[in-house]
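1. sequence unknown, structure follows:
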Ligand code: ADP
């Protein structure tokens, strides 16, 4: 099955996708993570993407679509969870040409909570586990529970970039939601934490 997670930055897409990956072996495709990997290279493309991410803008569709297709096409036999893609209607239409989506979950979280989540977010640079200095502290201060690496704060998790990222989200989200609502596999989700995970597990019959 292919599960698609929609929602603003900080709405919990990464946390759910990590859960489905760790507990049920889903292939977790996170475009933000793919782009962050590219930024570590020493190339003009890496510099360009870094600038876009840190400005809170979206990377262009042609590059994003190509990256997704090349990563996804070899994993289509597995269960897949898409995290951060598609982000606009053009990407959704492109994806629709080669991939059937079984479930679309739209994670709806209030903006004040989103901002606190992003400001407090820390991630493990190795296994990508997500923590929060306010809500989800690691057992050992600033270290990953799983592999004990020092947690990092993403460069784009700053107050200023968050505003821009939320603006980008609002600009593109409505047509995207309409597209999936029309297809009939769309579900708006407003629960959080353990209740959210349980709701998703129930719908996916896991
Ligand atoms: P978040 O959901 O917290 O904003 P992501 O890790 O999904 O974070 O994305 C980080 C950044 O990577 C985005 O702000 C954007 O610059 C880029 N990005 C990720 N996914 C896409 C996409 N589907 N299309 C264009 N740019 C993307």
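-> Right, received. Where do you want to start? These numbers were taken from a predicted model, which means no experiment stands behind them.
2. what does this structure put close to the ligand?
-> For the chain, the contact set with the ligand under C-beta under 6 Å from any ligand atom comprises 9-10, 31-32, 35, 52-53, 56-59, 64, 84-85, 87, 91, 156, 165. Glycine gets a C-beta too; all of them are placed from N, C-alpha and C.
3. of the residues you listed, buried ones?
-> Buried subset of the residues of the chain next to the ligand (neighbour count, 16 or more other C-beta atoms under 10 Å): 9-10, 31-32, 35, 52-53, 56, 58-59, 64, 84-85, 87, 91, 156, 165.
4. which element follows the longest helix anywhere in the chain toward the C-terminus?
-> The single longest helix within the chain, with elements called by DSSP state H, is helix 159-183. Downstream of helix 159-183, the next assigned helix or strand under DSSP states H and E is strand 186-189.
5. partner strands of that next one, parallel or antiparallel?
-> Strand 186-189 pairs in its sheet with strand 103-107 (parallel), by DSSP bridges.
6. For this protein, which segments are assigned as helices?
-> Taking DSSP H, the helices of the chain run over residues 13-24, 31-39, 44-54, 61-72, 89-96, 111-120, 159-183, 193-204.
7. Looking at these, which one is packed in the most?
-> Most buried of those, by mean neighbour count (mean count of other C-beta atoms under 10 Å): helix 13-24, with a mean of 19.
8. what packs against it?
-> With contacts taken as 3 or more C-beta pairs under 8 Å, 6 or more residues apart in numbering; DSSP states H and E, helix 13-24 sits against strand 2-7, strand 27-30, strand 80-83, strand 103-107, strand 130-132, helix 193-204.
9. about what we covered before: so can I have TSV of the helices of the chain showing distance to residue 103?
-> Shown next, in TSV, are those (distance: least, C-beta to C-beta, whole Å):
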stretch	distance to residue 103
helix 13-24	11
helix 31-39	18
helix 44-54	28
helix 61-72	16
helix 89-96	14
helix 111-120	22
helix 159-183	10
helix 193-204	7
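10. looking at these, which is closest to residue 151?
-> If you check each of the helices of the chain against residue 151 by C-beta to C-beta, helix 111-120 wins as the nearest, at 11.2 Å.
11. any chance of the helices of the chain in a markdown table, plus distance to residue 151 and mean pLDDT?
-> What follows is those, written out as a markdown table (distance: least, C-beta to C-beta, whole Å; pLDDT from 0 to 100):
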| stretch | distance to residue 151 | mean pLDDT |
| --- | --- | --- |
| helix 13-24 | 14 | 96 |
| helix 31-39 | 15 | 96 |
| helix 44-54 | 19 | 96 |
| helix 61-72 | 26 | 97 |
| helix 89-96 | 30 | 97 |
| helix 111-120 | 11 | 92 |
| helix 159-183 | 19 | 94 |
| helix 193-204 | 20 | 95 |
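12. The residue of the chain found nearest the ligand: what's its closest spatial neighbour, skipping adjacent residues?
-> Going by C-beta to the nearest ligand atom, the ligand is nearest to residue 32 of the chain, at 1.8 Å. Once flanking residues are discounted, residue 32 sits nearest to residue 84: 4.8 Å by C-beta to C-beta, 6 or more residues apart in numbering.
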